[in-house]
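>>> Fold the following, please.
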Amino acid sequence: MTSALPPSFDLIVIGGGSGGVRAARFAAQRGARVAVVESGPMGGTCVNVGCVPKKMYSFAAQHGEDMALARGYGWRVPDGIALDWAHLKRVRAAEISRLNGIYEGLMSGAKVERIAGHASLTPQAGEHHTVQVALTAGGTRALQARHVLIATGGRPRMPQLPGIELAVSSDDMFDLPVFPKRLLVVGGGYIACEMASIFNGMGAETHLIYRGEQPLKAFDDEVARFVTHEMRGHHIQLHLSAVPKALTRLDDGSVRLTTADGRSFDGDTVLMAIGREANTAGLNLEAAGVATRDSGQVQVNERFETSVTGIYALGDVVGRMELTPVALAEAMALVDQLYGPAPGKAARQMNYDNIPTAVFTHPAIGTVGLTEAQARDRHAAIEVYRTDYKPLRHALSGSASRELIKLIVDAQSQRVVGAHMVGQDAGEIIQGMAVAIQAGATKAQFDQTIGIHPTSAEEFVTLREVSRR
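Here you go, the predicted structure:
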């Protein structure tokens, strides 16, 4: 059976975040007729409640810490410096609004039709797909296309606990009505540790409450231990092996969190940062025949194809690597697959090896390639080079904070297969290391590279002694 009329669009993108916008824009540049359906502000998690505002608040926290440390360098910093929370929220909101406008402009500039509303899939009745949109302005609209892309991202996962309505998610942290004097952060992943570091740096008494024995367990073990030590040095109070049991409101308006082993913690705000889940509510995936994993993420193959021909998914909603640059790269690979590469260019293929990432704890983490445990599993023998040191910036500051540099080398080929850093600007430095590792640089080539002195980055090219094999 075929549709009587050609579809309105070649591609309907559900979701106006990083991956969806990139796919829509470049598909339109290839000549496709494209629509983007988004119920909220454009830019998705990254722009609105993720990477961008998080980094802004990380800068705010760092400025506060730097002012305190500046006394060691002779600056007369008055006592009683305090954050103007209302001002920070106001300027952040203005900047995010500006970015929302830029994303809208990208769509209009590419001649992509922007539709405000909530999309849902319908079972396929012909060769084309139909997407029903509950329009934000009221009413509904039915769209048809040859291809549909699900790029709806993720959302914070909230546990089923008594009193959970008293907690907030990471989405809420950027616009809290009142800055919390006491903050309880539940979780041990990168979002939990980032938020703990940021709000601690901005002046909150911060407690990190985690059911496991080691936060940041997805990262290199040594890096995770080092960062945990530094977080404690920054006066974040860590409470491990603490399984949340319930939340209750106290008479003074604060919230008490109790744990399974009988401990209790009181705070003005309780942040639940225990992970994220696919944002697929209301998409009608099951009725449309789109298969999902037990975790709720959309199931796709290496070509981003779902179980329904002509329906694709990418980005956080599929849960491969939940990073904005990964969603952007996946979008470009899909566009090349559907509409061909740009003139003179080869079709892009998605490669998930050696993807760098940063965690904006204080100090920050930068990492690319294999962890030490992964390298031990994949290579017959490895060499580990590492150093930790007090950085020059703290020579006069009075801070006891230290930094960590680590290289992991395949002993047989001498290729550097992992680079890790804990320290200020770690993300900026690791980006350069990622180029070297992607290019297959060997330890000898690192050794032959002249360092920039005095910097922390030069430590990557001055490591000479093997720490362990």
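
>>> now for the host helix or strand of Tyr385, which elements pack on it?
Assessed by DSSP states H and E, Tyr385 sits inside strand 382-389. Judged by 3 or more CB pairs under 8 Å, 6 or more residues apart in numbering; DSSP states H and E, strand 382-389 is in contact with helix 372-378, strand 403-410. Heads up, the C-betas are built off the backbone N, CA and C, glycines and all.

>>> so how far is it off the chain centroid?
Centroid separation for strand 382-389 versus its chain: 27 Å, with CA atoms, centre = their mean, to the nearest Å.

>>> Low-confidence ranges, this protein, go.
1-6 (pLDDT under 70).

>>> how about 80 then?
Residues of the chain that meet the criterion pLDDT under 80 lie in 1-7, 125-126.

>>> mind giving me the domain split of it?
9-49+88-155+278-339, 158-274, 357-461 (automatic domain parsing).

>>> Dump these to CSV, plus distance to Gly64 and mean neighbour count.
Below are those laid out as CSV (distance: least, CB to CB, whole Å; neighbours: other CB atoms under 10 Å):
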stretch, distance to Gly64, mean neighbour count
domain 9-49+88-155+278-339, 11, 20
domain 158-274, 6, 18
domain 357-461, 10, 18
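
>>> Quick one: the strands in the stretch 201-350 of the chain, in order.
205-209, 237-239, 244-249, 255-259, 264-267, 269-272, 276-278, 311-313 (DSSP state E, counting those that start in this stretch).

>>> Tell me how far Ala196 lies from Thr292.
Separation of Ala196 from Thr292 (CB to CB, to the nearest Å): 32 Å.

>>> do the same with Met321
18 Å.

>>> and what of Val461?
From Val461 to Thr292 the distance is 46 Å (CB to CB).

>>> circling back to that earlier point, mind giving me TSV with the helices and strands packed on strand 382-389 and columns for distance to Val112?
As requested, the helices and strands packed on strand 382-389 are exported to TSV (distance: least, CB to CB, whole Å):
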stretch	distance to Val112
helix 372-378	40
strand 403-410	43
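
>>> To His394, which of these lies closest?
Ranking the helices and strands packed on strand 382-389 by proximity to His394 (CB to CB) places strand 403-410 first, at 9.2 Å.

>>> quick one, the helix or strand just after that closest one and strand 382-389 angle?
Using DSSP H and E, the helix or strand that follows strand 403-410 in sequence is strand 416-422. With axes from the mean of the first three to the mean of the last three CA atoms, to 10 degrees defining the directions, strand 416-422 sits at 20 degrees from strand 382-389.

>>> What strands line up against strand 416-422, and which way round?
Sheet pairing here is set by DSSP bridges, and for strand 416-422 it gives strand 365-369 (antiparallel), strand 403-410 (antiparallel).

>>> quick one: the strands in the stretch 51-200 of the chain?
113-121, 129-135, 140-150, 154-156, 182-186.

>>> Pro41 contacts Val49, doesn't it?
No - contact criterion CB atoms under 8 Å: Pro41 and Val49 do not qualify, at 9.9 Å.

>>> Residues that sit against both of these two, list them.
Counting by CB atoms under 8 Å, 6 or more residues apart in numbering, Pro41 and Val49 have no common neighbour.

>>> need the contact list for Asn100.
Counting by CB under 8 Å, 6+ apart, the residues that Asn100 touches are Pro41, Met42, Gly43, Val47, Asn48.

>>> How about the first one, nearest residue that isn't a chain neighbour?
Okay, so that is Pro41. Leaving aside its sequence neighbours, Pro41 sits nearest to Asn100 (CB to CB, 6 or more residues apart in numbering; 4.6 Å).

>>> what do you get for the third one?
The spatially closest residue to Gly43, leaving aside those adjacent along the chain, is Tyr103, at 4.9 Å (CB to CB, 6+ apart).

>>> List the contacts of the residue positioned nearest the centre of the chain.
In the chain, the residue lying closest to the centroid (CA atoms, centre = their mean) is Leu323, at 5.0 Å. Leu323 sits next to Ile355, Thr357 when contact means CB under 8 Å, 6+ apart.

>>> That one and Gly275, how far apart?
Leu323 is 15 Å from Gly275, by CB to CB.

>>> What of Ile365?
With CB to CB as the criterion, Ile365 and Gly275 are 18 Å apart.

>>> now do Tyr190
If you go by CB to CB, the gap between Tyr190 and Gly275 works out to 10 Å.

>>> Can you give the contact residues for stretch 169-176?
49, 53-54, 57, 85, 89, 92-93, 155-156, 158, 168, 191, 195, 199, 269, 271-273.

>>> so how far is that stretch off the chain centroid?
Distance, centroid of stretch 169-176 to centroid of chain: 15 Å (CA atoms, centre = their mean).

>>> surely Ala70 meets Val77?
Yes - Ala70 is in contact with Val77 according to CB under 8 Å; the separation is 5.6 Å.

>>> Pick out whichever of the two has more residues nearby.
Legend: neighbour count by other CB atoms under 10 Å for Ala70 and Val77, higher for Ala70 (14 against 11).

>>> Report the contact partners of the more buried one.
Contacts of Ala70 by CB under 8 Å, 6+ apart are Val77, Ser397.

>>> so what's Arg386 bridging to?
Lys406.

>>> Hmm, Ser467 and it touching each other?
Yes - using CB under 8 Å, Arg386 is in contact with Ser467, at 4.8 Å.

>>> So which of the contacts of stretch 169-176 are in helices?
Using DSSP state H, the subset of those located in helices is Val49, Pro53, Lys54, Tyr57, Trp85, Lys89, Arg92, Ala93, Ile191, Met195, Phe199.

>>> how near is the second one to Ala86?
Taking CB to CB as the measure, Pro53 and Ala86 are separated by 15 Å.

>>> The third one now?
Taking CB to CB as the criterion, Lys54 is separated from Ala86 by 19 Å.

>>> which one of the two has more residues nearby?
Lys54 (19 against 11).

>>> quick one: that one and Cys193 touch, right?
No - with contact taken as CB under 8 Å, Lys54 and Cys193 are classed as non-touching, separated by 11.8 Å.

>>> hang on, Thr122 packs against Val290?
No - in this structure Thr122 lies outside contact range of Val290 using CB under 8 Å: 11.4 Å.
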